Each structure stands twice: as structure tokens, then as C-alpha cells.
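1. I'll drop the sequence and a predicted model, then ask my questions.
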Amino acid sequence: MRAIAAIPAAALLAGAAFGLSRPEPHDFLADLVAYVLISTSVAGAMFGWAWRHRSLLVTSVTLGFFTGGWLLSSVEWQRAWRPPLRVAFEELARAEREAAAAQGRRMPEDDEAFVIVEGVLRADASRTDTGVSLGVAVDWLDGRDGREAPAAMPGPPARQPRWGGVPSGLPRGISDSSRRGWGPAASEKKLGGILVTVVGSLAGDRIDDWRAGRRVRMPVMLRRPSRYLDPGVPDHERALARRGTTLVGTVKSGALVEVRARGSWLDETMASVRAFSRHAISGAVGRWSPQSAAIVTAIVIGDRAGLDDDVQRRLQEAGTYHVIAISGGNIAILAGLLLGAFRRAGLLGRTAMLSAIAALVAYALLVGGGASVDRATLMAVVYFGARAFDQRSPPLNALAVVAALIVAADPLAIADPAFLLTFGATLAIVLVVPVLTTITAERAEHAEKSRHSATSAISAVIVVINRPLVAMLAASVAAEAVLFPIGAAVFSRVTFAGLGLNFLAIPLMGLAQVAGMALVPIAIVSTTLAAGAGWLAHAGAAGLVWSAELVRFASVLTYRVAPPTAVVVIIYYCALAVWWITWRGTMESGAGPAEAWPYHLVWVGPRLSGAVGAIAIASALWILTDPRTVLASRGDGRLHVTFLDVGQGDSIFVRFPHGSTLLVDAGGLAFSSAFDIGDRVVAPVIRDAGFRRLDVVALTHGDPDHIGGVASIIDEFRPREVWEGIPVPRSEPLTALRRLTQSIGSRWANVYARDRTVIDDVLVVARHPEVGDWERQKVRNDDSIVLELRWRDVSVLLTGDIGRPVERTLAATIPPARLRVMKVPHHGSLTSSTADFVHAMHPNVAVVSAGRGNHFGHPVPEVLERYRAVGAEIFRTDRDGAVTVDTDGTSIDVHTFTGRRLSLF
């Protein structure tokens, strides 16, 4: 039994995954079942040990580890999803909502609360497009309205005494009777994690004061993280909770963030080293290229704040993004350098191993830790520790022990994509590379023995030379075979470009890492010498970006897919595992039962190997091609109109009866370009519906909350036509979209009132705008394209952001319909939806597209009352999520992401 740790470790991981997959991870019935299983497994293990019954013992231990993982992940997820901070926030928000209702004030749809928080910074502050980002582990919360707190004046950090979890020196001006505080009592237990954005000009000036480990206090407006309730869109709020962040917030000025105490000596030292490293790399590498400096900084100290979004996207497409994230590869290179240096210094054996462990742990502390760094460092520590004490064991055992330790300490790690990618790749390499290396060595030995001719000698030399290349290629292929379903499920991307590009990317990353690490101490002595090392680091970083560009010449090697179902992924991995075991069983057939275990348990002949191999190939093809695309392209004979939840914006996805498609707008954020609504929200919905191309994209008008996400949609889905209303030559976003459309060979068309076309028997009519009689200097809401989809008895009216003047015209020109669905104009603002217009349209269903928690007050209650007055059923994306209208032309079925339903005949 060569890999004894693999069985319980696999059971523990499977149990943790099962615990997180359940909709209600922590309930009485589940707990009861789990504890019964635990008791059963303990009893079975005891009897199996006493009776020397190996199968019973193994089964019982496996069941016990599975159930233990299940319980651990269930309990930990409950703590992460509803920590004390979340409970306190909900209580405060509920009180604020009740007070607002009593005073006649209107609260945003999403809860929010102004509070004073205190806690410890989890990482160094980083710049973002909207300000400076701070991650805070909160251990104290004051329930007073944070807007009444006086500004904290920046000054020298001073440690404050604490009693009962509430710091002394609270801001004056509010009596104790008005204070509600939550704290950890005498302990230092954290209430929960928050992610805060500090805005204003002072934030950038104070960024160096906000270092990991320091205690800060600030008045902050807390709220739930943004979430988009659409089919196929990942749950961002739950992903943040798994990483320890339960709420997000905003601080109005850097002057309000008070540093209450410095971190420990170790925290401060490491933060100073990181700050100096950033400065040294910026000076030595930045003189050649700021982009290269950002890449080298990411590789050396793990700070990716300066990376350009476009560079990250290109590296992801090329399958080489992993090289700029500190993980196994970086730790392996550093470990190799350390061992080489120790050997040169005369340190060998146990001393070298223990010294390497100390250096790697110090490096992990320097870069600020992080899950991927901790995993890679722990794997290296286990490996070097075993070598230091001459404990020889198969690599699979070490891998299993590390994985089990990580999941036992942090059960939510099983849902971390980086965890799956790291251990999946390592598992593939550990299992496959030694086998193929052995086969290559045997062939080389055979060629060496048969070197009786020049040809045989040449063949032998080629085989020997190719052994390292075979090992690298085997590692890449094996890792890709194991990881591509994870990439498809998590990132909606399949890329095979990394199979070849990693031969370039890994050496280039090594060059950038070694030169980047070297220039930091060199910069202390000489900036000139550091610049020389900086050029080498720049060459490695620039080479990484250049290698990613090669994907453009073979775009078929990387493409987006809809996330596969869990069933298909499980079938693939089970079939792959059984195939590998049965294939290895043929190689182990000469060994005894104890040596061949577990291969002999499932080895029943080549037929099983061939059958499960075919299943693995079939499920892999399913993931890669997604047969749903064939069905979607044919349509189902019904018209589907989905009003997407894109926050405070518009996006409407139309699927016609025979499979044609129309996308009207693609949302966007008015004040930030860092989050691409098109790529992160709209595109997943289209992929989830089974489409890889669009027929038409219509731009109602050029406001950023309507077209901010269009560029990524055009780039990925290559629509045949893009419709615009009245041209706005001075609008840079519209001009850029026009150029992008023309560059991919698609048609850009202007659409005006009374233009019409028939798509899959559905009449599409433009009701507005009229042809412009003067050149527009800026985007106007009243120039919005208004489209009506008419099919038999049903009308779907898409109104953009039109206002009252346009409504008066449309009220007189749009004919009535027996059943009408209407998108409420301009998100339900008072500038639109006049009583006359609503009465003239007389919609049966009114859909409001608005962002939860928006500060415009959309939709206005008065507007909603106008629709209710004509008998319209109102649906809102901020409450209902995505709203889908299905019709056969004679009846209407409405269903929402949250489960609300309506049928009209």
C-alpha cells in the first residue's frame, strides 16, 4: 500500500466538497445523519481493527473522513456566511429601515448602515480605479451613525487600552446610552472581514500608512457586496464570503482612517521590506517599462494591483497567467536557488533542508501570505522536512497529507479555484511524469544496448536528449487533462495554448523572478547595477507578454464555453480515475496484491479500461463542445425575452422562435471601468443559454450604463450586425464600438423610426428615433432606440431611456395589443412614464431595470403606482433578478431568477 494517505485524504476532500454543495449546509437533519455516520464509521473501524478485516477497516475510515469533511465544511461555511459582523449589520440596517419608514424616508432596496469599525489590516493597501482598497479583519463595531463621528486626525500610531472589547478614547459627542457596540469581549476573536474603498484625493497620499498588521478605525458605510441574479453568473457575494469578506463599504476620505496602532515587529519589518521592494522594482524595471515593473512586482512579492486588465486577460487566454501568481512554480524556483546556494556554501543534508524551510517560510511572510503561497510553502516544507529526517515516501503521500491538512484547517479551501488548480496539476504531474519518464528511460537503455549501427547510436542520443522535453510535455498534457474541466466550470474558458507556451513562459518567469529578487538587495548598494538586473527582469516580463500574443495567430486554441454541469464533470473525473487505475493495473500485474493495491481492486481486464476511456473521452468532448449550442441554434418555437439584472443599467437578451438572437444594450458602470459588466455578467448569461454567436446587438443610446459592456460582447460573440440610432460623432465610446465592429467584419447600421424587419416570424419595428436634422454633440436619452417586437397577439416594447416628449409621440403612434410587456422607461424615473403614456400603452407586464441600493431613487413609487393603476404586474430586476418572458404569440409566461411566476392568456 504505497500511498496509504491518499484514501483518507480523498475522502476528506470529497466530504468537504459535498458539505459545500448542499443548499442548506447546516440543518438538524443533516447534522443527525452526519453524526450517525461518524458513529458508524468509528464502530466499523474498531471492529475492522480487532478482527483484522482490512476491507471493513478501510471502508470505515474512508466513511469517517468523508463525514468529517462534510461536517467541517458545513460548520465553517455557516460561520463564513453569517459571522457576528453580518448579524450586527443586519440588525443595524433593520433598525435604520424602521426609522426611515417611521419618518417617511425612502431607503435603498439593499440594506446599508453607517458605522464606526475598528480592526486589523489583512494586507497592504492597494490602489484601484475608484480609490484605495483596504481589507480589514473587524473586531469592534460601533452601531452609531458613522456620519456623526468626528474626523480622525492622522497622527503617530498609538496603542489604546481596551476593556471588554471596546476601545477607550471613543469620539465624544454621543452619550453612552446612544451607543451600541459589538466586540470580542476579553478575547481577540474577529467579528468578520470587510473590504473598504477609501475615496478622495487624500487616500493616495496616505496609502503607505495602511500596512498589513496595523490597527485602524474609520467611519464607513457598510453594505452587502454587489451581486447579479442572472442564470449562469457566479455568485460574487458567496465567493467573497469564502475568502473571509462578508461586507463591503466606502470611506469618504483618507483623513477619516485613523491608524490606532502599529503591527507587530515582524509585520512592520515585512511591510517595510515590501515597500522597499516595490520602490526598487519601480525604479530599476520601471525605467524600461511600467508594465514590466507591474509584472515583476506581481511575480516577486505577489502585489498585482498595478497589472493592466488587458495584460491579465491576454495571459489568461494564453494559459500562462499562473506564472505571475506566486504559487508552486515560484516557490520551486526559489527552493532550487536556495539549495544551489547552500551547496556552494557547503551546507548539505539536514542543515540545508532545514535552512531551506526557514527561508521559504520567511519568504511567505514577506509576500503577505495568501492561500496559494501558503499551499506551495506547506508542500515544500513537508517535502524538505521528510528529506531532512530521511523519511522516504511516494510523492502522492506528501501531496495527500498537505491537501488534507489544508482542508482540515480551512474547509472552504475546497471551493477555491486556486486550490483545485494547484493540487490538480501537482497530482497529474506526480502520477504521470514518473511513468512516462520510466518508459523513456527504458527506451533509451534499449537503444544504448542496440548501438551496433550509426542509426541506432543517433536514435539513442535523440532519446536521451529528449527525456527532459518528454517530461515537460508529459507534465503539461497531464495537467491540462486534469484541469480543463475546472477551467471550463470556474472561468468559462478552455485553453490549450499553454501546452506549448509554457515552454516559453516558465523560463521567462524564472528570469523575471531571479532578476527581480536580485535587484532588490542590489538597489541598496547601487541603483546603476540594479538597473542592469532590472533590464533582465524587464526582458523576462516583456517576453511573457509577447508569448501571450502568439495566441492571436491560433485563436482556436482558446475559447469561451458555458460552465459544464456538475454531473458531466463528475463523470469525467470518475472515468479518468478508473481508466488510469486499470491502465496502471496492466503495468502492475506482475506485482503481489499488497504492492499492486489499489489497482487490483478494479482491474478486471482491458475491456473495462477501454469502456471507461471511451466515457472519459465522451464527457471531455461534451465539456469542450457543449451540445446545448446545437439545440439553442434551432430554437424551440417560442419567443424568449430576458431582462437581465445588470445593476443600474439595461440589458435585454432576446431569443427568437427559430434560434436567432438580439441583444439590446449590455449594461455598464458609470463611474468605474475595472468591472466589465459585459464580460462578467452579460456574456455568462448568453453562454448559459447555449449561444456562441449573436445575430444583432442594438445600442439604444450611448450612456455608459447601456453600452459599457458592449465591447467585450462584440469581441466574443461577433454579431452580424450592430444597430445604432442617431449618430453622435463626438462620442468616443460609440466611435470605439463602431471601429471594433468594422474590424471584425460586421455591419454597423443606423436604425430610425418605421424601420422594420422580420426575424423568425417576429416583426421587429423601430418606433423611435426619427432621422436627426442636426448633428448631435452629445448622447441624449430622448434619442434612444425604441423597439417593438410583435408576434401574433403579443407586443414587447423596449423603451430605452426616453422621456416625456418622446412618450407623447409614441402614445399616438403605437397600436394597441391584446397582451403587452413593456420595459419601464429610464429605470422608473420621474422624467418618464407619464400617466397618459402608461394609459395609452396599457401594459399587462411592466419590467423595471434598476440597481439595488441605487442612489437615484429608481424606481420612484409614484411611477410604480401609475402602472398598478392600469392593472400591470410589476417586475423589478433589483428584487426579482433576471426577468424572463416566454410567449408563443398568444399567451405569456413570466418567471424570474428568484422564483416568481406569472401566466397570462
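-> Received it, and whenever you're ready, just let me know what you need. Residues are numbered from 1 along each chain as shown.

2. can we go C-alpha only for contacts and neighbour counts from here?
-> Will do.

3. Not counting sequence-adjacent ones, nearest residue to residue 356?
-> residue 338 (6.3 Å; C-alpha to C-alpha, 6 or more residues apart in numbering).

4. again, but for residue 558
-> residue 495 (4.0 Å).

5. residues touching that neighbour, list them.
-> Applying C-alpha atoms under 8 Å, 6 or more residues apart in numbering, we find residue 495 in contact with 317-319, 484, 557-559.

6. Identify those among those residues that sit within strands.
-> Among the contacts of residue 495, the ones falling in strands (DSSP state E) are 558-559.

7. now the contacts of residue 495 as CSV including neighbour count?
-> Output for those, formatted as CSV (neighbours: other C-alpha atoms under 10 Å):
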residue, neighbour count
317, 25
318, 29
319, 27
484, 21
557, 17
558, 19
559, 16
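
8. check contacts around residue 360.
-> 331, 334-335, 377, 381.

9. any idea how far residue 308 is from residue 549?
-> 15 Å (C-alpha to C-alpha, to the nearest Å).

10. more crowded one of the two?
-> residue 549 (16 against 13; other C-alpha atoms under 10 Å).

11. host element of that one?
-> Applying DSSP states H and E as the criterion places residue 549 in helix 527-549.

12. re earlier: what's the spacing between the residue nearest to residue 356 and residue 347?
-> 11 Å.

13. for residue 622, same thing?
-> Taking C-alpha to C-alpha, one finds residue 622 at 53 Å from residue 347.

14. same thing with residue 55?
-> As judged by C-alpha to C-alpha, residue 55 and residue 347 stand 46 Å apart.

15. got it, and residue 60?
-> 46 Å.

16. Same drill for the two, tell me which one is more crowded.
-> Neighbour totals were compared for residue 60 and residue 347, and residue 60 leads with 24 against 15 (other C-alpha under 10 Å).

17. The more buried one: what's it in contact with?
-> Counted by C-alpha under 8 Å, 6+ apart, residue 60 has contacts 40-42, 44-45.

18. State the helix or strand in which the residue nearest to residue 356 lies.
-> helix 328-344.

19. What is the neighbour count of residue 284?
-> Per other C-alpha under 10 Å, the neighbour tally for residue 284 reads 26.

20. what sits against it?
-> 519, 527, 530-535.

21. ok, so of the residues you listed, who is nearest residue 76?
-> The shortest gap between residue 76 and any of those belongs to residue 519, at 42.4 Å (C-alpha to C-alpha).

22. Name the strands paired with the longest strand along the chain and say parallel or antiparallel.
-> Longest strand in the chain, counting residues (DSSP E): strand 131-142. Strand pairing for strand 131-142, determined by DSSP bridges: strand 112-121 (antiparallel), strand 126-128 (antiparallel), strand 181-182 (antiparallel), strand 192-198 (antiparallel).

23. Can you give the distance from it to the centre of its chain?
-> 22 Å (C-alpha atoms, centre = their mean, to the nearest Å).

24. what pLDDT, on average, does it get?
-> Average pLDDT, strand 131-142: 91.

25. Stretch 577-587 now?
-> 76.

26. All the helices of the stretch 251-400 of the chain, in order from the start?
-> 265-284, 290-301, 309-318, 328-344, 349-366, 371-388, 395-409 (DSSP state H, counting those that start in this stretch).

27. So which of the contacts of residue 60 sit within helices?
-> 40-42, 44-45 (DSSP state H).

28. I'd say residue 268 and residue 210 touch.
-> No. Assessed by C-alpha atoms under 8 Å, residue 268 is found out of contact with residue 210, at 10.8 Å.

29. which one of these two has more residues nearby?
-> Shown here are residue 268 and residue 210; by other C-alpha under 10 Å, residue 210 has more neighbours (25 against 16).

30. Tell me the spacing between the residue nearest to residue 527 when sequence neighbours are not counted and residue 293.
-> Counting by C-alpha to C-alpha, 6+ apart, residue 527 lies nearest to residue 284, which is 7.2 Å off, once chain neighbours are set aside. Taking C-alpha to C-alpha as the measure, residue 284 and residue 293 are separated by 8 Å.

31. do the same with residue 410
-> Residue 410 sits 34 Å away from residue 293, going by C-alpha to C-alpha.

32. Mind picking out the helix or strand in this structure with the poorest mean pLDDT?
-> For the chain, counting by mean pLDDT, DSSP states H and E, strand 162-163 ranks last in confidence among helices and strands (a mean of 32).

33. How is the chain divided into domains?
-> Domains of the chain are assigned by automatic domain parsing as 6-81, 106-159+182-263, 416-496, 566-625, 629-899.

34. how about low-confidence regions in the stretch 251-400 of the chain?
-> 325-330, 368-371 (pLDDT under 70).

35. I meant to write the stretch 501-650 of the chain there.
-> Along the stretch 501-650 of the chain, the parts satisfying pLDDT under 70 run over 585-607.

36. Tell me who's in contact with the nearest residue to residue 782 once chain neighbours are set aside.
-> Setting aside the residues directly before and after it, residue 782 is nearest to residue 802 in space (C-alpha to C-alpha, 6+ apart), at 4.7 Å. Residue 802 sits next to 781-784, 825-826, 832 when contact means C-alpha under 8 Å, 6+ apart.
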